[in-house]
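S.K.: After the sequence you'll find the predicted model.
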Amino acid sequence: MSVGLQRLREEPDAIRKGAIDKREDPALVDAALAADARRRELQGEADGLRAERNTASKSIGETIKGGAKPDGPEVAALRARSTEIGARLAALEAELATIEAQVEDLLLRIPNPAEPDVPVGGEEANVTIRTWGEQLGRVQPVDGEVGADARGGGETWERKPHWDVAEALDIIDLPRGAKITGSGFPVYKGAGAALQRALISWFLDVHTRENGFTEIWPPVLINQASARGTGQIPDKEDQMYVVTRDDLYLVPTAEVPVTNLHRDEILEPATLPIHYVAYTPCFRREAGAAGKDTRGILRVHQFDKVEMVLLERPEVSQQALEWMTGRAEDLLQRLGLAYRVLLMSTGEMGFVQSRKYDLEVWAPGVERWLEVSSCSNFGDYQARRMAIRYRAEKGGKAELVHTLNGSGLALARTVAAIIETYQQPDGSILVPEVLGPYLGLERIEART
RNA sequence: GGAGAGGUCGCCUAGUGGACUAUGGCGCCGCACUGGAAAUGCGGUUCGGGGCAACCCGUCGAGGGUUCGAAUCCCUCCCUCUCCGCCA
């Protein structure tokens, strides 16, 4: 249950194309259709047999009530007939259970097709929708203003990558994180720790006070049903840390617990839209990324993130995606970080999204764009998996909601970009104005 | 973790092997009455699968079992409540 059997039957070509565009196997579509046809056939037969058995059993009861002896020949004959139906049914039910499992498994592996206007292809097909702010160079004039670029002549200094700045200021301790847990588990210290806390608080405050979100503080362990609901299983199962003893997973993102809040629910008309915002630490194994971005905090196993989760009526989900993306952009603008918005191509967008924007912030120390937010519309795909429905009108028929989510924002890379953008020639870091009151500091300096 | 009590349709609730085709109430929807409403009356109201349809099948926390037949009996698990233990 993901794409929906009805749509699968009605427009198999579109689903097949969607799978090809996302570099998944289109043959799954035909396999699922064939299995479903067989399933319906078997179910028809099984239903018929059950109906027979029901009437047969009922007639036994009535015969006994009518005065026949429960152990007499008349009842025995009826009983024999019912037993025989039961035997046939048992065989059929076993077959049916197998085929049902097959259908479900196939459906779980068919990806959500992208919206028609999403570019087809891989990384090269991503489209830059807009950029904001000045893309600073590494070389800066010594007497220039913060954020000013080197423009010919004069003395210059060179920006450092965030790991050098952070190490010198003793605000991030990577070696000790590696000691107590493993590589990719940063320790934030002193003003570094306070900066984490400040960003989390500020993000949550903006979203709750200005953007109308309801704050959620969810569990960071999730069960299998939740992981399946949002699509981490089976698509991203090997990216999650597993607590095998209790059959739980560490959250890879707040999306999972928060979207699953309404799993198996039918929402009444007035309840939509639902806008949640949640902070959680996020845990990712980054399997397959070994040796990539090993320095600094660009790719870590544990990071902090404030996530927006939206449940919307289908007809407004696209515009809700634009709005939500704007909320994330607003944070970057107020932090004074240069960024660009990318419309991700089919090959880059993942299994469950129908449309996805990535926000990439410019980090002038490493001279790279860093993904700090991913804003996606899932259409009804996740909702179908989770059975989240709503009634458009009181007493009306239940329909699937649309789900969306977006980071607002992910911390580690935002912190890297802040450090690299606001570092000063003397090695200190200016604190972005909006964070001043939260941090109680205007500048992070080496402790003497 | 131990002992006990429970989990039935949005909510409350009846139901201890065949008349359950799951009861009744609240809420909700429709109709009638009304200037409009309240109150009242009548009808409808779990969710899902199949079928053009009449209708059929499943669904009483989940999964197994016993039986011709399970909401009802048995087993395992999950959750809630009470008490005990442990504990930030």
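M.R.: That came through, no problem.
S.K.: Could you check the pLDDT of A:Lys236?
M.R.: What the model reports as pLDDT for A:Lys236 is 85.
S.K.: How is the nearest residue to it once chain neighbours are set aside assigned, secondary-structure-wise?
M.R.: Nearest non-adjacent residue to A:Lys236, counting by CB to CB, 6 or more residues apart in numbering: A:Pro252, 6.9 Å away. Glycine gets a C-beta too; all of them are placed from N, C-alpha and C. Secondary structure assignment for A:Pro252 (DSSP: H, G, I helix; E, B strand; the rest coil): coil.
S.K.: Enumerate every residue touching A:Pro252.
M.R.: Neighbouring residues of A:Pro252 by CB atoms under 8 Å, 6 or more residues apart in numbering: A:232, A:236, A:239-240, A:282-284.
S.K.: And for A:Gly406?
M.R.: A:307-308, A:321, A:324-325, A:327-328, A:357, A:373-376.
S.K.: Which strand or helix spans it?
M.R.: Counting by DSSP states H and E, the element that carries A:Gly406 is strand A:402-410.
S.K.: Just want the angle from the helix or strand that that strand is followed by to strand A:402-410.
M.R.: Remark: after strand A:402-410, the chain's next helix or strand is helix A:411-422, criterion DSSP H and E. Orientation check (axes from the mean of the first three to the mean of the last three CA atoms, to 10 degrees): helix A:411-422 against strand A:402-410 gives 40 degrees.
S.K.: Return the distance of the helix or strand following helix A:411-422 from the chain's centre.
M.R.: Where DSSP H and E defines the elements, the next helix or strand beyond helix A:411-422 is strand A:429-430. In this view, strand A:429-430 has its centroid 33 Å away from the chain centroid, taken as CA atoms, centre = their mean, to the nearest Å.
S.K.: got the contact list for strand A:429-430?
M.R.: Contacts of strand A:429-430 (CB under 8 Å, 6+ apart): A:146, A:165, A:169, A:418-419, A:422-424, A:442-444.
S.K.: Please repeat the previous calculation with a cut-off of 7 Å.
M.R.: A:146, A:165, A:419, A:422-424, A:443-444 (CB atoms under 7 Å, 6 or more residues apart in numbering).
S.K.: Give me the next element, helix or strand, following it.
M.R.: helix A:436-439.
S.K.: And the residue of the stretch 251-400 of chain A found nearest RNA strand B, its phi and psi?
M.R.: Closest approach of the stretch 251-400 of chain A to RNA strand B (CB to the nearest atom of the strand) occurs at A:Gly395, with a separation of 3.7 Å. Main-chain dihedrals, A:Gly395, degrees, to the nearest 10: phi 80, psi 0.
S.K.: what's the burial count for A:Gly291?
M.R.: 5 (other CB atoms under 10 Å).
S.K.: middle-most residue in chain A, spatially?
M.R.: Among the residues of chain A, the one closest to the centroid is A:Glu255, at 5.0 Å (CA atoms, centre = their mean).
S.K.: I figured it hits A:Met308, correct?
M.R.: No: A:Glu255 lies out of contact with A:Met308 (CB atoms under 7 Å); the separation is 9.3 Å.
S.K.: Report the set of residues contacting both of the two.
M.R.: A:Asn405.
S.K.: Would you state the strands of the stretch 51-200 of chain A in chain order?
M.R.: A:127-132, A:139-141, A:156-158, A:172-173, A:187-188 (DSSP state E, counting those that start in this stretch).
S.K.: possible to save the ones you listed as CSV with mean pLDDT?
M.R.: Listed next are the strands of the stretch 51-200 of chain A as CSV, based on pLDDT from 0 to 100:
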stretch, mean pLDDT
strand A:127-132, 96
strand A:139-141, 81
strand A:156-158, 88
strand A:172-173, 96
strand A:187-188, 97
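S.K.: For A:His402, which of those is the nearest?
M.R.: strand A:127-132 (21.0 Å; CB to CB).
S.K.: Quick check: residues of chain A near RNA strand B?
M.R.: Residues of chain A found near RNA strand B, taking CB under 7 Å from any atom of the strand as the criterion, are A:5, A:40, A:43-44, A:46-48, A:50-51, A:53-58, A:60-61, A:64-65, A:70, A:79, A:82-83, A:86, A:97, A:266, A:389, A:394-395, A:398.
S.K.: Give me the subset of those lying in helices.
M.R.: Among these, the members falling in helices are A:5, A:40, A:43-44, A:46-48, A:50-51, A:53-58, A:60-61, A:64-65, A:79, A:82-83, A:86, A:97 (criterion: DSSP state H).
S.K.: Mind listing what's buried along stretch A:3-20?
M.R.: Within stretch A:3-20, the residues scored as buried using 16 or more other CB atoms under 10 Å are A:3-5, A:8, A:15-20.
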